[in-house]
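Undergrad: Got a predicted model here, sequence first, then my questions.
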Amino acid sequence: MRALTWHGTHDVRVDTVDDPEIINSRDAILKITSTAICGSDLHLYDGVIPGVRPGDVLGHEFMGEVVETGRDSTLKKGQRVVVPFTISCGGCFHCKIQQYSACENSNPAEKQDMSATLYGHPMAGLFGYSHLTGGYSGGQAEYVRVPYSDVGPIVIPDHLEDEKVLFLSDILPTGWMGAENAEIQPDDTVAVWGCGPVGLFAIQSAIVMGASKVIAIDHYPHRLELAKQLGAEVIDFRKTDVREALMEMSGGIGCDAVIDAVGMEAHGFAIDNMIDIAKQKIGIGADRASALKQAILAVRPGGRVSIPGVYGGMTDKFPLGALMEKGLQVRSGQTHVQRYTKDLLEKIEDGTLDTTFLISHRLPLEEAPRGYKNFREEQDSWTKVVLKPGMEQEQAA
Ligand SMILES: [Zn+2]
Ligand SMILES: [Zn+2]
């Protein structure tokens, strides 16, 4: 089959690789109908995630048709399903309390060492996201093997087209959990750093949850425009002093809750961010956390800090004093996708949530390398790329 494979920093290619096969009785094989490039795929593309190997198939946002099932899969051939990016067994301690992204069984034992050393506990398995998370082949391909197919995938009714539901695989539940972790109350003022896909969905979710004011912070004009269309007020951080503006917009108190949807490759001009960029370039694993630092300073005392943005390593000059002295509550984590898919599918069906506004480009799988390049370099206009393995080259738009 054809699949998008990683070969090094800024080097991804569509290659012919072996077709996936059923390995365990709970597996299923999907024929991919739609798959997206995610902002966190750009961390792999930029070479800042350890444990990726040449030839690895990327992609953790995908859906498709069931074409083969293992003996214990609950799926049936012909069903259309969306698959959570987190791989979860459904039966371990963490899965049973719905902390699916902390599954103890989905990252094979021989792959656990690296993340266990880094974090004290091994990470769960994720699709297409390095050998830290199990080394599973991803879904930016014609076919994919889905382990524990009786737990993760959600069956999609025929009347909902792919583009309406594809983002249930990651960014919609991630934005939703980002807002939920901010414990939004009616009348809250909430600030969201980053108007990429997760940030925009966090904004949308915060509004659905009843926040009275949502403030979006970014510097890309088109992304800020999308945030505005969702109902947010906006701050361009290149033109405005963010902390001053947020104080003014929150009646001099500070925001009740802040959401960092930027993660470890934050843009920033402060000197410590420049040092972090240099460290990241020479591979000593420092996260650039300027958005998070700003968020911690901008939230009101007693406020909530939610971090859906992805971090992988260490960071310097972290405002730990502000965290403690202001009495802040911090929540973060890879998304427990399976906890949210059913509820969010209902919200898509009844029209409460529409995520299709985000899609800027549709490309055949063969053009995935161009998709990566442009998604990275032209972030303002390439807000979200959907790859369609079956699409003819000339249909691309
Ligand atoms: Zn993603
Ligand atoms: Zn589990």
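TA: The structure has been received and is ready for your questions. Ligands and ions are numbered 1, 2, ... in the order given.
Undergrad: Could you pull up phi and psi at Ala191?
TA: phi -110, psi 140 (degrees, to the nearest 10).
Undergrad: From Asp46, how far off is it?
TA: 26 Å (CB to CB, to the nearest Å). Quick note: C-beta positions are derived from backbone N, CA and C, even for glycine.
Undergrad: and this protein, which residues reach ligand 1?
TA: Listed as neighbours of ligand 1 in the chain under the rule CB under 5 Å from the ion: 38, 40, 61, 170.
Undergrad: Do a quick rundown of the helices in the stretch 51-200 of the chain.
TA: Using DSSP state H, counting those that start in this stretch, the helices of the stretch 51-200 of the chain run over 93-96, 113-119, 162-165, 171-181, 197-208.
Undergrad: Out of those helices, which gets nearest to Ile348?
TA: Closest to Ile348 of the helices of the stretch 51-200 of the chain, according to CB to CB: helix 162-165, at 5.8 Å.
Undergrad: just the strands in the stretch 201-350 of the chain please.
TA: 213-218, 233-236, 255-260, 299-307, 329-332 (DSSP state E, counting those that start in this stretch).
Undergrad: of all of the stretch 151-300 of the chain, which residue lies closest to ligand 2?
TA: Distances between the stretch 151-300 of the chain and ligand 2 by CB to the ion are smallest at Val151, namely 8.1 Å.
Undergrad: In terms of neighbours, single out the busier of Ala191 and Asp46.
TA: The residue with more neighbours, out of Ala191 and Asp46, is Ala191; 32 against 15, by other CB atoms under 10 Å.
Undergrad: pretty sure the more buried one is touching Ile217, no?
TA: Yes: counting by CB atoms under 8 Å, Ile217 is a contact partner of Ala191 at 6.4 Å.
Undergrad: Please work out which residue of the stretch 101-250 of the chain is closest to ligand 2.
TA: Closest point on the stretch 101-250 of the chain to ligand 2, by CB to the ion, is Cys103, at 3.2 Å.
Undergrad: re earlier: pLDDT score for the residue of the stretch 151-300 of the chain closest to ligand 2?
TA: The confidence metric pLDDT takes the value 95 at Val151.
Undergrad: Met249 touches Ala232, doesn't it?
TA: No: judged on CB under 8 Å, Met249 makes no contact with Ala232 at a distance of 11.1 Å.
Undergrad: So which of those two has more stuff around it?
TA: Ala232 (26 against 16).
Undergrad: So what does the more buried one look like in phi/psi?
TA: In terms of degrees, to the nearest 10, the main-chain angles of Ala232 are phi -90, psi 150.
Undergrad: what sits against it?
TA: 192, 203, 207, 214-216 (CB atoms under 8 Å, 6 or more residues apart in numbering).
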